[in-house]
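S.K.: Kindly generate the corresponding structure for this input.
(chains A and B)
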Amino acid sequence: MKLVVIAGATATGKSSLSVQLAHAIDAEIINADSMQVYRGMDIGTAKISVEERQGIPHHMLDVLDVNHDSTVAWYQVGAREVIDEIHSRGKNVVMVGGTGLYIKAVIDELNFPDTDPMVRHTLNKEAEELGIDAMFARLEKLDPAAALAIDRANLRRIIRALEVIEITGKPFTANLPREESIRYPDARQFGLVMDRELLSERIDERVNKMFEQGFVEEVQKLIPGGLLQGRTAQRALGYSQVIAHIQGELLLDAAIEETKRATRQYARRQETWFSRDTRIKWISTKQPRLESILESL
RNA sequence: GGUGGAAUGGCCGAGAGGCGAGGCAAGGGACUGCAAAUCCCUCUACACGGGUUCAAAUCCCGUUUCCACCU
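M.R.: Numbering: from 1, shown residues only, chains lettered A, B, ... in the order given. Below is the predicted model of the structure:
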């Protein structure tokens, strides 16, 4: 049974292509977008509508409430279960999305040591009191290899490394596999590319449409559901800007412009991430997408 | 026409004789439980022409443009 991945930056047209592909190879779709997992976050995440899904089952989509946090570890487990379940029914899988880490976590043998809220809480408190330099110094002592890999200014990653060391009693780097071991060696990955200018135009268009379709109202409706309580959902592109607008910190026009800008920057980061994975076969706008994929399967 | 003020990198914006503020945008990059997150790097400007000075974005003179006010 096949596992086909469609990756690439936002607004490159992954979703609609994935439906076509699913039809062509008798597959079901698994979402690999960290924000589209949330129920109710539809307009702002440019989530594919039910009609557009054309009857193809979509998994890992609309599975989390906004007041819960999505994490890679959670996604990894869930997505793998779904993949194996679909395969066991004799169907293929198309995994689509722009969250590179999520895709990698599923396909490759990434293992995420547990997290402990108490440990983390203490570390955060210590960081506040002692400062980031002290935390980095501690990491340097406990795990020099990790300190080398983590930027001294990136508190979030420093704390996670310290957390893992404390929980497992082993250096953070000990948990990382030496060589690439792959969970789904037969997975085929495709990436959609578009030149910056075109992508930029598409992003602007898409964001304008979001606001016309009632993005602000969507956010307003999500707030009673706990949007502001969770850590991840409220930071989503556009959502954080709209929240700022609702709270009177940002004019509507500014929120729109900021969303466009932030989305463009995000697209760049996505390209950087995906460009590292040499297994990805890139498809440009000049090629017939569906055909190109079907040919190389 | 007169008087005064201003002119700084793609944009905003400090500096007021000698180490090229900073922010934003843009570009590049990192990435193993918040990843649409978090973080790193790069981009050498002072309107123009003269002058003073060892040294001028900073002082002086003129030119241009803009803004105020006056007639």
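
S.K.: Now for the residue nearest the centre of chain A: which residues touch it?
M.R.: Against the mean C-alpha coordinate of chain A, by Cα atoms, centre = their mean, the closest residue is residue A:99 at 2.8 Å. The neighbours of residue A:99, taking Cβ atoms under 8 Å, 6 or more residues apart in numbering as the test, are A:32-34. All C-beta atoms are positioned from the backbone trio N, CA, C, and that covers glycine.

S.K.: Residue A:146 now?
M.R.: Contacts of residue A:146 (Cβ under 8 Å, 6+ apart): A:139, A:161, A:171-173.

S.K.: And residue A:239, by the same measure?
M.R.: With Cβ under 8 Å, 6+ apart, residue A:239 has these contacts: A:41, A:44, A:219, A:227, A:233.

S.K.: Is the first one in contact with residue A:221, as I believe?
M.R.: Spelled out, it's residue A:41. No. Applying Cβ atoms under 8 Å, one finds residue A:41 not in contact with residue A:221, separated by 10.4 Å.

S.K.: quick one, which of these two is more surrounded?
M.R.: residue A:41 (23 against 12; other Cβ atoms under 10 Å).

S.K.: which residues touch the closest residue in space to residue A:221 that isn't next to it in sequence?
M.R.: Ranked by Cβ to Cβ, 6 or more residues apart in numbering and with sequence neighbours excluded, the top spatial neighbour of residue A:221 is residue A:40, at 6.9 Å. Residue A:40 is in contact with A:65-66, A:218, A:221-222, A:225, counting by Cβ under 8 Å, 6+ apart.

S.K.: Go through the contacts of residue A:239 and name the one nearest RNA strand B.
M.R.: residue A:44 (6.0 Å; Cβ to the nearest atom of the strand).

S.K.: Can you list the helices and strands that the longest helix along chain A packs against?
M.R.: Using DSSP state H, we find that the single longest helix of chain A is helix A:252-275. Contact partners of helix A:252-275 among helices and strands, from 3 or more Cβ pairs under 8 Å, 6 or more residues apart in numbering; DSSP states H and E: strand A:3-8, helix A:100-107, helix A:196-212, helix A:239-246.

S.K.: Next, the angle from it to helix A:239-246.
M.R.: Angle of helix A:252-275 versus helix A:239-246, following axes from the mean of the first three to the mean of the last three Cα atoms, to 10 degrees, is 170 degrees.

S.K.: What residues of helix A:252-275 count as buried?
M.R.: Of all the residues in helix A:252-275, those buried under the rule 16 or more other Cβ atoms under 10 Å are A:255-256, A:258-260, A:262-264, A:266-267, A:270-271, A:273-274.

S.K.: how long is stretch A:168-182 from one end to the other?
M.R.: For stretch A:168-182, the first and last residues are 23 Å from each other (Cα to Cα, to the nearest Å).

S.K.: Please point out which parts of that stretch sit buried.
M.R.: For stretch A:168-182, the neighbour count (16+ other Cβ under 10 Å) marks A:171-173, A:175 as buried.

S.K.: so how far is RNA strand B from residue A:130?
M.R.: For residue A:130, the distance to RNA strand B equals 17 Å [Cβ to the nearest atom of the strand, to the nearest Å].

S.K.: Tell me the residues of the stretch 1-150 of chain A that contact RNA strand B?
M.R.: The stretch 1-150 of chain A comes close to RNA strand B at residues A:10, A:33-36, A:44-46, A:69-74, A:98-102, A:110-115, A:149-150, as judged by Cβ under 7 Å from any atom of the strand.
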